[in-house]
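In: Sequence first, predicted model second:
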Amino acid sequence: MGQKHLIGANAPFRRLIESGSIPHSFFFGPPGTGKTSLARIIAAKLDAPFFEFNATSIKIEDIRKAVDSTKHALQKPLIFIDEVHRLSKTQQEVLLPIMENRFAIVVGASTENPFFSLTGGIRSRSMLFEFFSLTDEDLRQALEKGLSKLNKTADEEAKEYLIRSSSGDARAMLTLLDYAAKLEDNITLDTLKQLRPSSLTDGAGESETHYNLASALIKSIRGSDEQAAVYYLARLIAGGEEPRFIARRLAILAAEDIGNANPNALQIANAAFGLVEKIGMPESRIILSQLAIYLACSPKSNSAYTAIDDALALISSGEIYEVPPHLKDAHFAGAAKLGRGIGYKYPHDFGGWVDQKYTAKPVDVVKLKEIGFEKTLKEWLRKIKGEG
């Protein structure tokens with residue numbers, strides 16, 4: 001179900017699977033979106049021996065045994081490792097010759113982006129694929145198949161609750177369906193709510209209204225309308241929205257839409273989030289109200305948001321620059337012979353700032369605005385660099 005960008009009719013990854021030749025691959029994305037299922041499908045499609053491990057408990061000897069046991073098999077085994085971001089460097093080093101010589105096809109999965117936890121050697125021998133939360137349409141397709149397999153029926157409102165309360169997680173939806181099916185032949189909303197009183201995460205709510213209200217709250221604060229912000233906040237609270245979800249969304253807004261125009265906004269949002277977790281409702285409504293008003297009244301800037309996205313876009317497009325030699329770490333034996341650290345000008349020796357190259361090519365991603373505290377930051381930079 002879902003992941004059309006990977007397994008759609010003309011998707012390159014699907015075509016590789018159908019051709020019988022796939023790269024070493026690492027899947028990452030939310031739980032219940034098909035990462036393990038796709039690995040099993042690949043193994044079945046290739047008619048390959050399948051070994052499933054979890055990085056939290058895997059041992060080096062387990063990997064070696066899996067490879068050795070299939071030395072004389074017609075097909076290379078597929079080694080699947082869940083929670084792959086937890087692999088130690090030693091375990092990754094064991095995988096390197098296996099991947100290099102294709103003694104096995106290695107597929108990993110994680111709910112976190114494993115890019116920064118994988119060594120350069122692993123990354124250069126593999127590809128990284130992102131999975132996305134399943135859509136309501138994907139979940140409905142899975143739900144109907146599940147009902148058919150169980151030979152059960154469900155009220156339409158029960159189906160809606162199964163889908164929306166699962167927040168794009170097919171496993172969570174099918175688990176709830178399975179236990180509800182043990183209690184009744186025609187599954188009802190009342191039974192589902194007793195088994196799962198609220199949505200799993202992110203305040204999905206019981207209808208599209210909650211998504212719209214959350215969107216309206218954020219856009220009202222972004223537009224500096226404090227009256228509308230508190231109104232939509234009240235609508236969410238009255239509708240039973242999870243207060244931590246609201247606090248989480250407001251914390252993101254503090255960085256995305258206010259940023260360095262008022263740096264205190266992020267600190268206050270963080271403090272509010274912590275208090276909401278500790279105190280709970282109904283008192284948390286006051287904390288959320290104070291935060292919403294403060295954020296709405298703050299000067300707005302999205303420069304931090306656009307800066308990191310522009311920088312990531314540069315990297316994604318292949319703009320990977322070598323770190324200049326004078327900036328490289330010189331704290332190891334032989335560094336001087338390699339020219340590392342030589343020529344670096346220590347800014348404090350020059351009054352706090354000195355003109356020197358920090359990137360191999362010029363980068364222009366941070367664009368501070370003449371708004372709030374960002375105006376002060378621009379003035380600081382000008383003074384630091386002696387520009388006025």
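Out: Happy to help now that I have it.
In: for the least confident helix or strand in the chain by mean pLDDT, packing partners?
Out: Using mean pLDDT, DSSP states H and E, the weakest-scoring helix or strand in the chain turns out to be helix 208-222, at a mean of 84. Here helix 208-222 is seen to pack against helix 226-238, helix 243-253, helix 284-297 when contacts are counted using 3 or more C-beta pairs under 8 Å, 6 or more residues apart in numbering; DSSP states H and E. All C-beta atoms are positioned from the backbone trio N, CA, C, and that covers glycine.
In: So for residue 67, which of those helices sits nearest?
Out: In this view, the helices and strands packed on helix 208-222 are compared for proximity to residue 67 by C-beta to C-beta, and helix 243-253 is the closest at 43.2 Å.
In: what mean pLDDT does the following helix or strand past the closest one have?
Out: Toward the C-terminal end, the helix or strand that comes next after helix 243-253 (DSSP states H and E) is helix 264-279. Averaged across helix 264-279, pLDDT comes to 94.
In: Output the helices and strands packed on helix 208-222 as TSV; include the columns distance to residue 110, mean neighbour count and mean pLDDT.
Out: Formatted as TSV, the entries for these read as follows, by distance: least, C-beta to C-beta, whole Å; neighbours: other C-beta atoms under 10 Å; pLDDT from 0 to 100:
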stretch	distance to residue 110	mean neighbour count	mean pLDDT
helix 226-238	32	18	90
helix 243-253	21	20	92
helix 284-297	32	19	94
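In: Turn those helices into JSON lines, including distance to residue 220.
Out: What follows is the helices and strands packed on helix 208-222, written out as JSON lines (distance: least, C-beta to C-beta, whole Å):
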{"stretch": "helix 226-238", "distance to residue 220": "4"}
{"stretch": "helix 243-253", "distance to residue 220": "11"}
{"stretch": "helix 284-297", "distance to residue 220": "7"}
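In: who wins for proximity to residue 310 among the ones you listed?
Out: The closest approach between residue 310 and any of the helices and strands packed on helix 208-222, judged by C-beta to C-beta, belongs to helix 243-253 at 18.5 Å.
In: Give me the distance from the closest one to the chain's centre.
Out: How far helix 243-253 lies from its chain's middle: 16 Å, per C-alpha atoms, centre = their mean, to the nearest Å.
In: Give me the angle between it and helix 208-222.
Out: The directions of helix 243-253 and helix 208-222 differ by 40 degrees, with axes from the mean of the first three to the mean of the last three C-alpha atoms, to 10 degrees as the criterion.
In: Please give the element, helix or strand, for residue 127.
Out: With DSSP H and E as criterion, residue 127 is part of strand 126-130.
In: picking up where we left off before, what are the contacting residues of the least confident helix or strand of the chain?
Out: Contacts of helix 208-222 from elsewhere in the structure, counted by C-beta atoms under 8 Å, 6 or more residues apart in numbering, are 203-205, 228-229, 231-233, 235-236, 239, 241, 245-246, 249-250, 253, 257, 292, 295-296, 300.
In: In that helix, which residues are buried?
Out: Within helix 208-222, the residues that count as buried by 16 or more other C-beta atoms under 10 Å are 210, 213-214, 216-218, 220-222.
In: Tell me how far residue 82 lies from residue 61.
Out: Taken as C-beta to C-beta, to the nearest Å, the spacing of residue 82 relative to residue 61 amounts to 18 Å.
In: excluding its backbone neighbours, what's nearest residue 295?
Out: Taking C-beta to C-beta, 6 or more residues apart in numbering, and ignoring the residues beside it in sequence, residue 295 has residue 221 as its nearest neighbour in space, at 5.0 Å.
In: Let me see the domain layout of the protein.
Out: Following automatic domain parsing, the chain resolves into domains at 4-130, 136-195, 208-297, 313-384.
In: how about those in a markdown table, adding distance to residue 305?
Out: Below are the domains of the chain laid out as a markdown table (distance: least, C-beta to C-beta, whole Å):
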| stretch | distance to residue 305 |
| --- | --- |
| domain 4-130 | 18 |
| domain 136-195 | 24 |
| domain 208-297 | 5 |
| domain 313-384 | 11 |
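In: Lowest mean pLDDT across the ones you listed, which one is that?
Out: Within the domains of the chain, the least confident segment by mean pLDDT turns out to be domain 313-384, at a mean of 82.
In: Could you check how many residues crowd around residue 12?
Out: Burial of residue 12 is recorded as 10 neighbouring residues (other C-beta atoms under 10 Å).
In: coming back round to it: check the gap between the residue nearest to residue 295 and residue 276 for me.
Out: Distance check for residue 221 against residue 276: by C-beta to C-beta, it reads 16 Å.
In: same deal with residue 26?
Out: Shown here: residue 26 relative to residue 276, a distance of 35 Å by C-beta to C-beta.
In: Can you get me the start-to-end distance on stretch 26-45?
Out: From the first residue to the last, stretch 26-45 extends over 18 Å; the measure is C-alpha to C-alpha, to the nearest Å.
In: I misspoke; the intended subject was stretch 288-307.
Out: The first and final residues of stretch 288-307 sit 28 Å from each other (C-alpha to C-alpha).
In: Give me the residues contacting it.
Out: With C-beta under 8 Å, 6+ apart as the contact definition, stretch 288-307 has outside contacts at 217, 220-222, 224-226, 229-230, 233, 237, 243, 246-247, 250, 253-262, 265, 268-269, 272, 276, 365-369, 371-374.
In: What of stretch 370-383?
Out: Residues external to stretch 370-383 that are found in contact with it (C-beta under 8 Å, 6+ apart): 259-263, 298-301, 303, 368-369, 387-388.
In: ok, 6 Å please
Out: Outside of stretch 370-383, the residues that reach it under the criterion C-beta atoms under 6 Å, 6 or more residues apart in numbering are 260-262, 299, 301, 368, 388.
In: Quick one: closest of the helices and strands packed on helix 208-222 to residue 323.
Out: Among the helices and strands packed on helix 208-222, the nearest to residue 323 by C-beta to C-beta is helix 243-253 (30.9 Å).
In: Which elements pack onto the closest one?
Out: With contacts defined as 3 or more C-beta pairs under 6 Å, 6 or more residues apart in numbering; DSSP states H and E, helix 243-253 has these neighbours: helix 264-279, helix 284-297.
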